[in-house]
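K.L.:
What follows is a protein structure lacking sequence information:
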């Protein structure tokens, strides 16, 4: 049973064309995270939400934004994707610091 | 600031041999540490939490605060253990929120 679902699995977008990646969860976890993972690198945190409380990492590019309309859904918007934004984007959920996170399968973004 | 270091990018052992994946961390507060595993073409999964002091799939990890380490060990490696392993630390992300910071990962290959 997929509990953190990311759509689409693969996304191809044109340079400069806005793109939205989505994440949904059936776990009712109050915390949701977006990570970016480039080839052979560790996942890097972009944003996280504690309920509706939004937290932006200091080095997350301005080009990236996020929305969380309700507990179940979270979106990552890339306003003007560049070639350097090509990566795997991972969504994760959690309930507490000690619990550990549940990850989705990721969306692999290609920018052409 | 919090940092996780996995000094070995690649680790290759033979089936039945002991395996140790190293992880060192830097964090000024009380750390919560995890090991995540990613099998080929699968999502990132939680393997171990230090707070649980559990053994999963024969793997154990002990938090050593004196050496700031959380090495992952298994006495007898199996071929199905071949995967990418990430060490991660949950620490404060400003205010009262926490975030998970990953090491760069170690690719374990268990040869027959």
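P.N.:
Sure thing, it's come through. Keep in mind that what you see is a predicted model, and the values were worked out from it rather than measured. Residues are numbered from 1 along each chain as shown, chains lettered A, B, ... in the order given.
K.L.:
Name the strands paired with the helix or strand of chain B with the lowest mean pLDDT and say parallel or antiparallel.
P.N.:
When the helices and strands of chain B are scored by mean pLDDT, DSSP states H and E, strand B:98-102 comes last with a mean of 86. Using DSSP bridges, the strands paired with strand B:98-102 are strand B:83-92 (antiparallel).
K.L.:
Go through the strand it pairs with and flag the buried ones.
P.N.:
For strand B:83-92, a neighbour-count test (16 or more other C-beta atoms under 10 Å in any protein chain shown) marks B:83-91 as buried. Bear in mind the C-beta positions are built from the backbone N, C-alpha and C, glycine included.
K.L.:
ok, now stretch B:67-77?
P.N.:
Neighbour-count burial for stretch B:67-77 [16+ other C-beta under 10 Å]: B:69-72, B:74, B:77.
K.L.:
Need the residues that contact the least confident helix or strand of chain B.
P.N.:
A:33, A:42-45, A:48, A:55, A:57, A:92, A:94, A:97, A:101, B:2-4, B:32, B:34, B:36, B:86-93 (C-beta atoms under 8 Å, 6 or more residues apart in numbering or on different chains).
K.L.:
PyMOL command for the buried members of the residues you listed?
P.N.:
Here is the PyMOL command that selects the buried residues among those (16+ other C-beta under 10 Å):
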select buried, (chain A and resi 33+42+43+44+45+48+55+57+92+94+97+101) or (chain B and resi 2+4+32+34+36+86+87+88+89+90+91+93)
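K.L.:
Narrow the contacts of strand B:98-102 to those in strands?
P.N.:
Among the contacts of strand B:98-102, the members found in strands (DSSP state E) are A:33, A:44-45, A:48, A:55, A:92, A:94, B:3-4, B:32, B:34, B:36, B:86-92.
K.L.:
tell me the centre residue of chain A?
P.N.:
Closest to where the C-alpha atoms of chain A average out (C-alpha atoms, centre = their mean) is residue A:34, at 3.2 Å.
K.L.:
Please give me every residue in contact with the closest residue to it other than its chain neighbours.
P.N.:
Using C-beta to C-beta, 6 or more residues apart in numbering or on different chains and skipping residues adjacent in sequence, the residue nearest residue A:34 is residue A:46, 4.5 Å away. By C-beta under 8 Å, 6+ apart, the residues touching residue A:46 are A:34-36, A:56-57, A:60, A:64, A:66, A:76.
K.L.:
for residue A:82, same thing?
P.N.:
Residues in contact with residue A:82 (C-beta under 8 Å, 6+ apart) are A:15-16, A:63, A:111.
K.L.:
Pull up the per-residue confidence for it.
P.N.:
Note on residue A:82: pLDDT of 95.
K.L.:
which residues does residue 10 contact?
P.N.:
Chain wasn't specified; assuming chain A. Per C-beta under 8 Å, 6+ apart, neighbours of residue A:10: A:107-108, A:110.
K.L.:
Switch to chain B, please.
P.N.:
B:106-107, B:109.
K.L.:
Skip the chain neighbours and tell me the closest residue to residue A:53.
P.N.:
residue B:97 (7.3 Å).
K.L.:
ok, now how distant is that neighbour from residue A:14?
P.N.:
35 Å (C-beta to C-beta, to the nearest Å).
K.L.:
Flag the shaky bits of chain B, pLDDT-wise.
P.N.:
B:93-96 (pLDDT under 70).
K.L.:
Spell out which residues of it are next to chain A.
P.N.:
With the criterion set to C-beta under 8 Å from any C-beta of the partner chain, chain B comes near chain A through B:4, B:32, B:34, B:36, B:42-46, B:49, B:51, B:86, B:90, B:93-94, B:97-105.
K.L.:
If anything else comes up later, I'll come back, but that's it for now.
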